[in-house]
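Chemist: Fold the following.
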Amino acid sequence: MPLADLITVFCSKLVFVFDAHSPIVAREITVRPKKQSLSVSTESLKIKRNKAYIDYKITNSEKHYAELKHLNKEFKTCLWKDTKDNINTTIAAKGIHFAANSLCKLGKKLDSKFYFLPNVINDYFVSVSTLARLPNPTSYPDKPDHISTPNVRFKVQPIMAIEILMAWHSM
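Modeler: As a prediction, this is how the structure comes out:
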């Protein structure tokens, strides 16, 4: 038997052994976003809140519910403060553009495979609308006196990064 045939037989047997004992399996790996770092006080408050939740679930008493509600409100306030501090730290370390870019990534829209003309969509919703089947009103009700109408029209104006920071720090 020639050497090339022996090598072919050996390789085919070796591949068979590998396929039998360690087959190639496609796995999907999900990468979770990095957890937000919490301050020590927020972590301790989280532990207290979770304990209060367990106590409430066990006893189902009003006292434990009031405590849970209070701790939950405190925890949300501390979490908001920690989030604000993290964003301010990011702005101080890397600049406003990096922070804005990372926040904009949260709202990214995926490209849709379906493309419709706006008029086609509008015609569809107009045709299925219940208001389209109702007769048009002859007159509208009068506007209440306590509602004022502004004299100025809404218009878009450019904004500077410093104005955003000032608004952020005023919250």
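
Chemist: low pLDDT regions in this structure?
Modeler: Low-confidence segments of the chain (pLDDT under 70): 33, 99, 101-116, 128-140, 154.

Chemist: Please repeat the previous calculation with a cut-off of 50.
Modeler: 132 (pLDDT under 50).

Chemist: ok, which stretches of it are helices?
Modeler: Secondary structure of the chain (DSSP state H): helices located at 3-21, 40-59, 62-94, 96-104, 118-128, 161-170.

Chemist: I'd like these written out as CSV, with mean neighbour count and distance to Arg153 added.
Modeler: Just so you know, the C-beta spots here come from the backbone N, C-alpha and C atoms, and that holds for glycine as well. Output for these, formatted as CSV (neighbours: other Cβ atoms under 10 Å; distance: least, Cβ to Cβ, whole Å):
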stretch, mean neighbour count, distance to Arg153
helix 3-21, 9, 72
helix 40-59, 14, 44
helix 62-94, 14, 33
helix 96-104, 12, 28
helix 118-128, 9, 24
helix 161-170, 11, 21
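
Chemist: Distance-wise, check Leu45 relative to Tyr53.
Modeler: 13 Å (Cβ to Cβ, to the nearest Å).

Chemist: ah, wrong one, I meant Ile29
Modeler: For Ile29, the distance to Tyr53 - Cβ to Cβ - is 32 Å.

Chemist: And for Thr8?
Modeler: 66 Å.

Chemist: Next: Lys35.
Modeler: 20 Å.

Chemist: Over to His97?
Modeler: Distance from His97 to Tyr53, counting by Cβ to Cβ: 40 Å.
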